[in-house]
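Asker: quick check, what structure comes out for this input:
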Amino acid sequence: MIFKIILYLGLALIIGSGVYDFIFIGIPFQDPTPELIAQREQQYLIKDIIWYSGVTLVLFGIIGVLIVKLRKTTP
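Answerer: Below is the predicted model of the structure:
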């Protein structure tokens, strides 16, 4: 059960990173100032951290669910 929660939390983080990208990063300006470029780089870093955290949790969740299912089928 805990591995399914981890799996769903990871999926939520992956979706959340896409929403963060859409809302906060959005379409770049045509001629941004250096401050805006630095701000966008920071926002991309945050989005990448959220995304990689979600992918890691999804992988742990999948591996955990597979281990639990294998233990149930093995006598």
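Asker: any idea which element Gln39 lies in?
Answerer: According to DSSP states H and E, Gln39 maps onto helix 34-73.
Asker: run the chain-centre distance for that helix.
Answerer: 4 Å (Cα atoms, centre = their mean, to the nearest Å).
Asker: just checking, what packs against it?
Answerer: The elements that helix 34-73 packs onto, with contact taken as 3 or more Cβ pairs under 8 Å, 6 or more residues apart in numbering; DSSP states H and E, are helix 2-20. Backbone N, C-alpha and C define where each C-beta goes, glycine included.
Asker: quick one: mean pLDDT for the helix holding Gln39?
Answerer: Mean pLDDT, computed over helix 34-73, is 93.
Asker: buried residues of that helix, list them for me.
Answerer: Neighbour-count burial for helix 34-73, counted by 16 or more other Cβ atoms under 10 Å, picks out Arg40, Lys47, Ile50, Trp51, Ser53, Gly54, Leu57, Val58, Gly61, Gly64, Val65.
Asker: find the nearest non-adjacent residue to the fourth one, please.
Answerer: Take Trp51 and drop its neighbours on the chain: the residue closest to it by Cβ to Cβ, 6 or more residues apart in numbering is Ser17, 4.0 Å away.
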